[in-house]
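1. curious how this folds, go ahead:
(chains A, B, C and D)
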There are 2 protein chains.
Amino acid sequence: MVEPIRLNSLASEVFDRVVDAITSGEFEPGEKLSESKLARELGISRGPIREALQRLEGKLVQRVPRIGVRVIEFGADGLRQLFYLREAMEGMAARLAAENISDQDLLELEKMLKRHEDTIRGSTAYRQKTMDEDFHFTIARLSGCTNISNLLLSEVYYQLRIHRLKSSSRPGRAEEALAEHKKILHFLRARDPDQAEAAMRAHIRSARESTLALLDANVSV
Amino acid sequence: MVEPIRLNSLASEVFDRVVDAITSGEFEPGEKLSESKLARELGISRGPIREALQRLEGKLVQRVPRIGVRVIEFGADGLRQLFYLREAMEGMAARLAAENISDQDLLELEKMLKRHEDTIRGSTAYRQKTMDEDFHFTIARLSGCTNISNLLLSEVYYQLRIHRLKSSSRPGRAEEALAEHKKILHFLRARDPDQAEAAMRAHIRSARESTLALLDANVSV
DNA sequence: ACATCGCAAACTGTTGACAGAGAACAGCCG
DNA sequence: CGGCTGTTCTCTGTCAACAGTTTGCGATGT
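-> Presented below is the predicted three-dimensional model:
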């Protein structure tokens, strides 16, 4: 069997590795990442490390000239701004999806929500994070606007994951979210761009309020 | 007189230089950029060149592994998608600006529009591009959402400039745009988020239609 | 004991070099 | 004369080394 030994470059490998490490909590927010140390640990040179960290700049790390690279940390304010951005971009994505969606894609979405419903009924809400991400990114993909879906993937969802790591969601939030997802799907099925965008934006606002309220509660405790 | 010789890194210098070269038309869309050649021309090593081109990836250039870097080229479809993204993000920016704007900032905006009006009355419409950019970016800044303003700057405006290079705007479009800017300012002054967002989105849709119509006309000619 | 100064270690920014992959081109065969 | 093949040449991906800077620790003086 012939297969390529290594398709992607070392830099991509390091990129994925570092993303995993950050979004899984191995690297704490604010922690300083040293190029040389990473290079030593991974057993490669500093070149690919540099490239990977550069690609992560503004997404998951901050670079300060002559100082180094550190994992981003953002408080309630940064999180709120992230939700503003999501609301704008995903609202537009829902609008475009409503204009372009095919019957086939509608069926796929319905099945997805069915699975989510079963999962919620069956187990704890742990899985809700990835379910939510699935639904939202599918909508972004169906918008047909690569600009928007790429930016959501690279700029928003990574940062969201970093936050979701250390905060659980309010009990009952999963059910709320599912109901809101169903409402969005309803307007997608109706091919109603205005209502689809409105429903998506309301959903994200709702998620924002829920998240920030929980955050405030935890901080004050 | 003591002053730092070089505050910013070579990579930043190269970044700015390449952005200028692309947005000024020195590098044509689709043209292949060679790291080594750039390095030779600028008289520095390939390292900073690499970093600069990496930072431009997805914004003004595309990288293909093992092949190289080329200036992005996008047709009517990419341009339309860019306007969708603008509509979403700048609409939200206008909303947030309406919520937070200070009297001082309102005065600044008024003076800016006054200057624009004088410019339009006095000369050809050549300057309209940068004027428009000024107004829109100011709104983004006033939104207070660094996420949005940074993304607009790095992902949207660069690409817009590349397009504006090779297409003039329809006669009379400058006046229309100014009127729409005034309407946006009106709702900002009224601190009406809903109307401010609606006016901004209508303005960008209007610009989209105007731009795309002109593009189609030119293509068919 | 405390503050200050100086030094050394570590790290980042940059450079030059090497190996492998792609592309262009000349030559050969049908 | 056209298509295939082997060579050469350039370019990217990667690595090791150098220079300048920041940081932290220790010595020194008060």
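2. could I get the buried residue list for the strand or helix carrying A:Q104?
-> A:Q104 is part of helix A:103-122, with elements assigned from DSSP states H and E. Of the residues in helix A:103-122, A:105-106, A:109, A:112-113, A:116, A:119-120 count as buried by neighbour count, 16 or more other CB atoms under 10 Å in any protein chain shown. Bear in mind the C-beta positions are built from the backbone N, C-alpha and C, glycine included.
3. one more: stretch A:40-59?
-> A:42, A:48-56, A:58-59.
4. which residues touch the residue nearest the centre of chain A?
-> Centroid-nearest residue in chain A: A:Y157, 2.0 Å away (criterion: CA atoms, centre = their mean). By CB atoms under 8 Å, 6 or more residues apart in numbering or on different chains, the residues touching A:Y157 are A:133, A:137.
5. try it again with 7 Å
-> A:E133 (CB atoms under 7 Å, 6 or more residues apart in numbering or on different chains).
6. state the phi and psi torsions of it.
-> Main-chain dihedrals, A:Y157, degrees, to the nearest 10: phi -70, psi -40.
7. where does it land on pLDDT?
-> Here the pLDDT value assigned to A:Y157 is 93.
8. any part of the lengthiest helix in chain A near chain B?
-> Determined from DSSP state H, the single longest helix within chain A is helix A:193-220. No. Legend: contact between helix A:193-220 and chain B by CB under 7 Å from any CB of the partner chain is lacking; minimum distance shown is 9.2 Å.
9. interface residues of chain A facing chain B?
-> Counting by CB under 7 Å from any CB, the residues of chain A that sit close to chain B are A:9, A:51, A:54-55, A:65, A:81-82, A:84-85, A:87-89, A:91-92, A:96, A:145-148, A:151, A:155.
10. now do the strands in chain A.
-> A:32-33, A:61-64, A:68-71 (DSSP state E).
11. so what secondary structure elements neighbour the last one?
-> Helices and strands in packing contact with strand A:68-71 are listed as strand A:32-33, strand A:61-64; criterion 3 or more CB pairs under 7 Å, 6 or more residues apart in numbering or on different chains; DSSP states H and E.
12. chain center to that strand, what's the gap?
-> Mean-position distance between strand A:68-71 and its chain equals 21 Å (CA atoms, centre = their mean, to the nearest Å).
13. report the mean confidence score over stretch A:138-150.
-> 97.
14. can I see the domain layout of chain A?
-> Per automatic domain parsing, the structural domains of chain A span A:10-71, A:76-220.
15. quote the end-to-end distance of the shortest one.
-> Pointing back at domain A:10-71 there. Using CA to CA, to the nearest Å, one end of domain A:10-71 lies 21 Å from the other.
16. that older thread, export the domains of chain A as a markdown table, with columns for distance to DNA strand D.
-> As requested, the domains of chain A are exported to a markdown table (distance: least, CB to the nearest atom of the strand, whole Å):
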| stretch | distance to DNA strand D |
| --- | --- |
| domain A:10-71 | 3 |
| domain A:76-220 | 19 |
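17. most packed of the ones you listed?
-> Among the domains of chain A, domain A:76-220 has the highest mean neighbour count (mean count of other CB atoms under 10 Å in any protein chain shown), at a mean of 18.
18. tell me who's in contact with A:F137.
-> A:F137 sits next to A:152-153 when contact means CB under 7 Å, 6+ apart.
19. measure it to A:K37 for me?
-> 33 Å (CB to CB, to the nearest Å).
20. for the buried residues of helix A:103-122, which one is nearest DNA strand C?
-> The closest of those to DNA strand C turns out to be A:D105 (CB to the nearest atom of the strand; 34.3 Å).
21. residues touching the closest one, list them.
-> A:L142.
22. next one: it from B:D216, what distance?
-> The gap separating A:D105 from B:D216 is 29 Å, by CB to CB.
23. what of A:I72?
-> 43 Å.
24. try A:R95
-> Distance from A:R95 to B:D216, by CB to CB: 23 Å.
25. give me the phi and psi for A:G25.
-> phi 90, psi 0.
26. in contact with it, which residues?
-> Per CB under 7 Å, 6+ apart, neighbours of A:G25: A:L165.
27. right, and A:I162 touches A:T23 too?
-> Yes. Using CB atoms under 7 Å, A:I162 is in contact with A:T23, at 6.0 Å.
28. low-confidence ranges in chain A?
-> Low-confidence segments of chain A (pLDDT under 70): A:1-7, A:123-127, A:219-221.
29. residue numbers of chain A in contact with DNA strand C?
-> A:33-37, A:46-47, A:50, A:63, A:65-69 (CB under 7 Å from any atom of the strand).
30. chain neighbours aside, what residue packs nearest to A:M92?
-> B:A88 (3.6 Å; CB to CB, 6 or more residues apart in numbering or on different chains).
31. in contact with the residue lying closest to A:R46 once chain neighbours are set aside, which residues?
-> Nearest non-adjacent residue to A:R46, counting by CB to CB, 6+ apart: A:A39, 4.6 Å away. Shown in contact with A:A39 (CB under 7 Å, 6+ apart): A:45-46, A:49.
32. how much space is there between A:A39 and A:R17?
-> Applying CB to CB to A:A39 and A:R17 gives a distance of 12 Å.
33. what's the answer for A:A52, then?
-> Counting by CB to CB - A:A52 and A:R17 are separated by 8 Å.
34. kindly report the same for A:A199.
-> 38 Å.
35. and A:S9, how many neighbours?
-> 14 (other CB atoms under 10 Å in any protein chain shown).
36. quick check: closest non-adjacent residue to it.
-> Leaving out its chain neighbours, the residue that sits closest to A:S9 by CB to CB, 6+ apart is B:P65, at 6.4 Å.
37. roughly how far apart are that neighbour and A:S12?
-> 9 Å.
38. got the helices and strands packed on strand A:68-71 as TSV, with distance to A:Q128 columns?
-> As requested, these are exported to TSV (distance: least, CB to CB, whole Å):
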stretch	distance to A:Q128
strand A:32-33	30
strand A:61-64	27
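39. done for today, thanks.
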